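Visitor: Sequence and predicted structure are below.
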Amino acid sequence: MKKRVMYIISLVLVMVAAGIALSHIIHFSGKAALTPQAFLNVQQKFYENYGVVTGGFQFGAFIMLLVLLAITPAKSPRRPFFVVSLVAIAIMASVWIFKINPMDLQIHSATSVKEFPEIVDIRKQWAMWQGIRGVAGLLGVVSIAYAFILGDKAKAELQSSQA
């Protein structure tokens, strides 16, 4: 029962972490149409502390997946899917830490577009990196969801073969 709860918590954390990345992709088409100054204002006002929340979900998902790997038997068919999901979350977190967060810090420290003419280039890079995070998140969600389904399917097959 405890493992099942951990699977569900892991699935939810991975889904939320991926959902955050995917929501950025969805919002970007609207934000790309904004003038550079309007984009700067939107980023500074609406997404000021977004990184802390994003990081919290990614960190929680990463830790839960590590715990699942530790308690899952080595020959379990779920194990490779947990590894894929863990790598996907690690990619998402790495892209955030090393690429997106430095850009966000630049955006949040700028007072105007005149002071920050690189904003047009950064918006393009930002969209690309968010896309990579979204794809990694989607891979993580599919992988952990399949591990969850696979475990239930294997359990049902085992029970039917014993009957």
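Guide: Sure, I can see it.

Visitor: Run through the residues that contact Ala61.
Guide: 10, 13-14, 16-17, 89, 140 (Cβ atoms under 8 Å, 6 or more residues apart in numbering). Yep, even glycine has a C-beta here, placed from its N, CA and C like the rest.

Visitor: what about 6 Å?
Guide: Applying Cβ atoms under 6 Å, 6 or more residues apart in numbering, we find Ala61 in contact with 13-14, 17, 89.

Visitor: repeat for Leu69
Guide: Going by Cβ under 6 Å, 6+ apart, Leu69 touches Phe82.

Visitor: Name the single longest helix found in this protein.
Guide: Longest helix in the chain by number of residues (criterion: DSSP state H): helix 119-162.

Visitor: Now tabulate the contacts of Ala61 in CSV and tack on neighbour count and pLDDT.
Guide: Output for the contacts of Ala61, formatted as CSV (neighbours: other Cβ atoms under 10 Å; pLDDT from 0 to 100):
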residue, neighbour count, pLDDT
Leu13, 23, 90
Val14, 29, 91
Ala17, 29, 89
Ile89, 30, 94
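
Visitor: about what we covered before: tell me the helices and strands packed up against the longest helix of the chain.
Guide: helix 2-32, helix 79-95 (3 or more Cβ pairs under 6 Å, 6 or more residues apart in numbering; DSSP states H and E).

Visitor: any chance of those helices in JSON lines, with distance to Ser112 too?
Guide: Output for those, formatted as JSON lines (distance: least, Cβ to Cβ, whole Å):
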{"stretch": "helix 2-32", "distance to Ser112": "18"}
{"stretch": "helix 79-95", "distance to Ser112": "28"}
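
Visitor: For the helix or strand harbouring Ala38, list the C-alpha coordinates in CSV.
Guide: Per DSSP states H and E, Ala38 falls inside helix 36-46. Extracted in CSV, the C-alpha atoms of helix 36-46 (Å, rounded to 0.1, in the frame of the first residue of the first chain):
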residue,chain,number,x,y,z
PRO,A,36,9.9,43.7,-25.8
GLN,A,37,8.9,46.2,-23.1
ALA,A,38,5.5,44.5,-22.5
PHE,A,39,7.3,41.1,-22.4
LEU,A,40,9.7,42.5,-19.8
ASN,A,41,6.9,43.8,-17.7
VAL,A,42,4.9,40.6,-17.9
GLN,A,43,7.9,38.5,-16.9
GLN,A,44,8.8,40.8,-14.1
LYS,A,45,5.3,41.1,-12.6
PHE,A,46,3.7,37.7,-13.2
